[in-house]
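K.L.:
Compute the structure for the input listed below.
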Amino acid sequence: MLEIPPPPPAPPDPELGAVGAPFRLWRAKEAFRQGEMTLTQQSLALDGLRVQATSLLGWSVTIGVALAAAALTTHLPAVAVTVVTSITITAALSIAVLWVTNAWRWPSFNPLQILDHEHKSELLLLESLAVGSNLSIVQNSALIKVRARFLRVAWINFASMPLLAMLAYSMR
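P.N.:
Numbers count the residues shown, from 1 in each chain. Okay, the predicted model is just below:
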């Protein structure tokens, strides 16, 4: 006896978008695209921190050297030591923010990583790249958090330099 084959599946509703295997490919492409966008935004955030650190470094050294020179010419070594210590701390923290280590992950892959990849389909390669982007995002987030903390402490130290100098002056 012949069996009647089941009816073909209904065509997908165009308002639902991709479903089944096409949906998995779309999802991999979208995950990779979102990863690229996030990594680009993280790079911009790092650039913003570096601009602030560069400015702070310039201002702290300029103002600090002027205050230290004034303190030394007026025979106030305690004030000079306080100011120089504050400058050194601010400068060191600013330089730490500016220092980009090899741990930073940029929003692109080396072309050879893609050419030499073992996956045999676009879908599997895109999924792998998306996972790699996510790992980079996590690593960059930690580095941004540390650099932002360094910068915040550097600004607090810079802002407190005159108060520390006055305190040193009052204790002479």
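K.L.:
For stretch 98-114, which residues meet the burial criterion?
P.N.:
Buried residues in stretch 98-114, counted by 16 or more other CB atoms under 10 Å: 98, 105, 107, 109. For every residue, glycine as well, the C-beta is placed using N, CA and C.
K.L.:
who touches the lowest-mean-pLDDT helix or strand in the chain?
P.N.:
Using mean pLDDT, DSSP states H and E, helix 111-115 stands out as the lowest-scoring helix or strand of the chain, at a mean of 83. Under the contact criterion CB atoms under 8 Å, 6 or more residues apart in numbering, helix 111-115 has outside partners 125, 129.
K.L.:
circling back to that earlier point, quick check: of the buried residues of stretch 98-114, which lies closest to M37?
P.N.:
Of all the buried residues of stretch 98-114, M37 sits closest to P107, with 8.2 Å by CB to CB.
K.L.:
Please state the backbone phi and psi of the closest one?
P.N.:
phi -80, psi 40 (degrees, to the nearest 10).
K.L.:
my guess is it contacts E36, does it?
P.N.:
Yes. Taking CB atoms under 8 Å as the definition, P107 is a contact partner of E36 at 5.4 Å.
K.L.:
Find residues that contact each of these two.
P.N.:
Any residue near both P107 and E36 by CB under 8 Å, 6+ apart counts here, and not one turns up.
K.L.:
pLDDT below threshold where in this protein?
P.N.:
1-2, 8-14, 16 (pLDDT under 70).
K.L.:
repeat that with 90
P.N.:
When residues are selected by pLDDT under 90, those of the chain lie in 1-24, 61, 63-84, 99-121, 161-162, 164-172.
K.L.:
middle-most residue in this protein, spatially?
P.N.:
Centroid-nearest residue in the chain: I144, 3.7 Å away (criterion: CA atoms, centre = their mean).
K.L.:
Contacts only, for that one.
P.N.:
42, 45-46, 49.
K.L.:
Could you tell me how many residues sit around the nearest residue to G35 once chain neighbours are set aside?
P.N.:
Distances taken as CB to CB, 6 or more residues apart in numbering place S133 nearest to G35, at 2.8 Å, with adjacent residues excluded. By other CB atoms under 10 Å, 23 other residues sit near S133.
K.L.:
A78 too?
P.N.:
15.
K.L.:
quick one, helices of this protein?
P.N.:
Secondary structure of the chain (DSSP state H): helices located at 21-73, 77-98, 111-115, 122-170.
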